[in-house]
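Enquirer: take this sequence and fold it.
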Amino acid sequence: MTATLHGIKVLDLSRVLAGPWATQLLGDFGADVVKIERPGQGDDTRQWGPPWLGGEQGESAYFLSTNRNKRSVEIDFSIPDGARLIREMAQKADVIVENFRAGSLQRYDLGEASLRGANPRLIYCSVSAFGQRGCRRSEPGYDAMIQASGGLMSITGPADAEGGGPQKVGVAIADIMSGI
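Expert: A predicted model of the protein is given here:
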């Protein structure tokens, strides 16, 4: 595969699936992706197993399947020094991807206006269920909830007459499609 994004620097503040899937794809195309993780915990999916690669004390297959082609660093941006480090990294980045609730990062001076003010060429991608400006912007959104509210669960699984009912698709397809 040609590294079409070679030289592009991506700062990945996302976690779980939709955001990490998007940044993984950018890494697949050659971007230099740096994933920011919580100190001592990392991305939530580091703990999601089994299966584990390398046995019970190994790494979560879930985490590994959505974070290839990235480098990780632990930074606590809820403290001033950590937020300062993120701002410095964003000044050198081409793209930032985050998936926090609307307005969450502003309290650390890491919102779009602040980071793009310091780096006007920065592409700021915010992955969320309901956008940044709508009436539902502060609501969380997870794959199962999106599948249910979008009607996908109503056409999945056994028929209602056979004792079925709404059923989640086996793969977190709403998150994956959002990442794409």
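Enquirer: when you work out contacts or count neighbours from here on, use the C-alpha atoms and nothing else.
Expert: Noted.
Enquirer: state the pLDDT value of residue 57.
Expert: Per-residue confidence (pLDDT) for residue 57: 71.
Enquirer: try the one 5 residues further on
Expert: Residue 62 is assigned 89 on the pLDDT scale.
Enquirer: distance between the strand or helix carrying it and the chain's centre?
Expert: Using DSSP states H and E, the element containing residue 62 is helix 61-66. With C-alpha atoms, centre = their mean, to the nearest Å as the basis, helix 61-66 stands 13 Å off its chain's centre.
Enquirer: could you point out the helix or strand that follows it?
Expert: Remark: after helix 61-66, the chain's next helix or strand is strand 70-74, criterion DSSP H and E.
Enquirer: any idea of the mean pLDDT in stretch 134-151?
Expert: Averaging pLDDT along stretch 134-151 gives 87.
Enquirer: what about it, distance to the chain center?
Expert: In this view, stretch 134-151 has its centroid 15 Å away from the chain centroid, taken as C-alpha atoms, centre = their mean.
Enquirer: burial count for the nearest residue to residue 67 once chain neighbours are set aside?
Expert: Among residues not flanking residue 67 along the chain, residue 24 sits closest, at 5.6 Å (C-alpha to C-alpha, 6 or more residues apart in numbering). By other C-alpha atoms under 10 Å, 24 other residues sit near residue 24.
Enquirer: residue contacts, residue 110?
Expert: Contact analysis of residue 110 by C-alpha atoms under 8 Å, 6 or more residues apart in numbering lists 83, 86-87.
Enquirer: any chance of TSV for these, columns secondary structure and distance to residue 141?
Expert: TSV is the format used below for these (DSSP: H, G, I helix; E, B strand; the rest coil; distance: C-alpha to C-alpha, whole Å):
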residue	secondary structure	distance to residue 141
83	helix	25
86	helix	25
87	helix	26
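Enquirer: I'd like the residues you listed laid out as a markdown table, including distance to residue 35.
Expert: Putting the contacts of residue 110 into a markdown table (distance: C-alpha to C-alpha, whole Å) gives the following:
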| residue | distance to residue 35 |
| --- | --- |
| 83 | 15 |
| 86 | 11 |
| 87 | 14 |
